[in-house]
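1. what's the 3D shape of this:
(one chain, ligands or ions: 2)
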Amino acid sequence: ATPTSIMVGTGRAAQLGVLFRQGDALQQLKSTCIVAFDKTGTLTQGHPSLTNLQITGEHEWTSNQILQIVAAIQHQSEHPIARAIVDAADAPQPPNASKQTIEHTVTSVQGFEAIKGFGVKASVCVDGQTLAVAVGSAALMRELGMNPAPLEQTVNAWAQMGQTPIHVAINQTIVAIMAVSDPIKPEAKQTIEELHARGIQCVMITGDHALTAQAVAKQLGIDSVQANVRPEDKATVIQSLQTKISDPNKAGKPVVTFVGDGINDAPALATADVGIAIGTGTDVAIESASVVLMSGELNKVVTAIDLSRATLRNIH
Ligand code: ADP
Ligand code: MG
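-> Ligands and ions are numbered 1, 2, ... in the order given. Next up is the predicted model:
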């Protein structure tokens, strides 16, 4: 490719809202055969809301008290799940919820800890009493020595509907399960269809529950799912896709593109042959990517690939 054609191609791309941070990406993108997507904030809007809250086990806590305690901790987390819970706790209570008014007050949160890919924990002071609170996945509960198995049926039912289940433990007892749901981006399904039409395989990589991930993937027609992937392992999944022989008749390694928005996605964006960051995502993701979709619209992934193909087709 001539430097001029690359310049023209990247200029045209910028007009269409696709920023090529590296000229090399324009050349690589034309031969991409796998596009891997992060789920939350990439295929989905990244603004989940609380859809379920169920008390579990024997204790005196009401659902509203649990919500307030969890929200107090989540104030210190930057995860989209945290925002969903804080928003739900701040929402005005329905008129028939008068019995659930806050009889307990959270006075302080101490020793906040975010366990990446698992959840959060902290000590919460409620009416002078210090509680050890943990919020997160079933794996987090097991890690802390609790048994989430009896809740699995409900949790799985929620996950099968595409909701992300969350467990809440107070002083080593699972007192509630919650679920948050993140709407799929309106253009996501068509984007996957258009990638398929171009002979490209679509993969999802997420830290979320396997059933939640599968439910979302199914709605979108995504070919394969890697769920429960810890943040530090997303790049390893990209590496395994890069070495996979998808077509034994084709020589060479498959060119893998990764699309993501989060801090978690930075290593995968850097490892992929082409890293595409959602422009509305985090700065760390943008800095690790070679391509940025300025508006965050997913269909711009197709625009970028088409431009790459067209630019390099015109070069003789
Ligand atoms: P994703 O790929 O969806 O961004 P993450 O690695 O950020 O995944 O999170 C994986 C899982 O860890 C979530 O599905 C959730 O179960 C748990 N988790 C992470 N952060 C929080 C939090 N602040 N509150 C509750 N659960 C959390
Ligand atoms: Mg994300």
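2. Now do the closest residue to Thr42 other than its chain neighbours, the pLDDT please.
-> Using Cβ to Cβ, 6 or more residues apart in numbering and skipping the chain neighbours, the partner closest in space to Thr42 is Asp261 (5.1 Å). For the C-beta atoms, the positions are set from N, CA and C on the backbone; glycine is no exception. Asp261 is assigned 94 on the pLDDT scale.
3. Got phi/psi on Asp261?
-> phi -130, psi -20 (degrees, to the nearest 10).
4. Wait, it touches Phe37, no?
-> No - checked against Cβ atoms under 8 Å, the pair Asp261 and Phe37 is beyond contact range at 9.9 Å.
5. Mind jotting down where the strands sit in the chain?
-> 18-20, 32-38, 49-55, 106-115, 119-126, 129-136, 164-170, 173-181, 201-205, 224-226, 255-260, 274-278, 291-293 (DSSP state E).
6. got a markdown table for those, with distance to Val8 too?
-> Shown next, in a markdown table, are the strands of the chain (distance: least, Cβ to Cβ, whole Å):
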| stretch | distance to Val8 |
| --- | --- |
| strand 18-20 | 12 |
| strand 32-38 | 21 |
| strand 49-55 | 44 |
| strand 106-115 | 45 |
| strand 119-126 | 48 |
| strand 129-136 | 49 |
| strand 164-170 | 44 |
| strand 173-181 | 44 |
| strand 201-205 | 29 |
| strand 224-226 | 36 |
| strand 255-260 | 22 |
| strand 274-278 | 19 |
| strand 291-293 | 17 |
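7. Would you reformat those strands as a markdown table and include distance to Ala235 and mean neighbour count?
-> Formatted as a markdown table, the strands of the chain follow (distance: least, Cβ to Cβ, whole Å; neighbours: other Cβ atoms under 10 Å):
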| stretch | distance to Ala235 | mean neighbour count |
| --- | --- | --- |
| strand 18-20 | 22 | 23 |
| strand 32-38 | 11 | 24 |
| strand 49-55 | 30 | 17 |
| strand 106-115 | 19 | 14 |
| strand 119-126 | 22 | 20 |
| strand 129-136 | 22 | 19 |
| strand 164-170 | 22 | 25 |
| strand 173-181 | 26 | 22 |
| strand 201-205 | 10 | 22 |
| strand 224-226 | 12 | 18 |
| strand 255-260 | 9 | 28 |
| strand 274-278 | 10 | 29 |
| strand 291-293 | 17 | 25 |
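8. Name all residues that make contact with Ser77.
-> The contact partners of Ser77, by Cβ atoms under 8 Å, 6 or more residues apart in numbering, come to Phe112, Ala114, Val120.
9. ok so, going back, could you dump the strands of the chain into TSV and include distance to ligand 2?
-> TSV is the format used below for the strands of the chain (distance: least, Cβ to the ion, whole Å):
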stretch	distance to ligand 2
strand 18-20	19
strand 32-38	4
strand 49-55	16
strand 106-115	15
strand 119-126	16
strand 129-136	17
strand 164-170	12
strand 173-181	14
strand 201-205	10
strand 224-226	14
strand 255-260	6
strand 274-278	8
strand 291-293	14
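10. Distance check, Ala71 against ligand 1.
-> Distance of Ala71 to ligand 1, computed by Cβ to the nearest ligand atom, to the nearest Å: 11 Å.
11. and that residue, how many residues sit next to it?
-> Other residues lying near Ala71 total 20 when counted by other Cβ atoms under 10 Å.
12. The one 5 residues further on now?
-> For Gln76, the number of neighbouring residues by other Cβ under 10 Å comes to 13.
13. can you pull the pLDDT of it?
-> Confidence at Gln76, expressed as pLDDT, is 95.
14. from what I can see it touches Lys121, true?
-> No - taking contacts as Cβ under 8 Å, Gln76 lies outside contact range of Lys121: 10.9 Å.
15. what is in contact with the two at once?
-> Common neighbours of Gln76 and Lys121 (Cβ under 8 Å, 6+ apart) are Phe112.
16. List the residues that contact Lys300.
-> Leu16, Gly17, Val18, Leu293, Met294.
17. quick one: which of the contacts of Ser77 is nearest Val284?
-> Val284 lies nearest to Ala114 out of the contacts of Ser77, by Cβ to Cβ, at 15.4 Å.
18. Run through the residues that contact the closest one.
-> Here Ala114 is in contact with Gln76, Ser77, His79, Val120 (Cβ under 8 Å, 6+ apart).
19. which of those residues sit farthest apart?
-> Gln76 and His79 (10.3 Å).
20. Spit out the residues that contact the two alike.
-> Shared between the contact lists of Gln76 and His79 (criterion: Cβ under 8 Å, 6+ apart) are residues Ala114, Val120.
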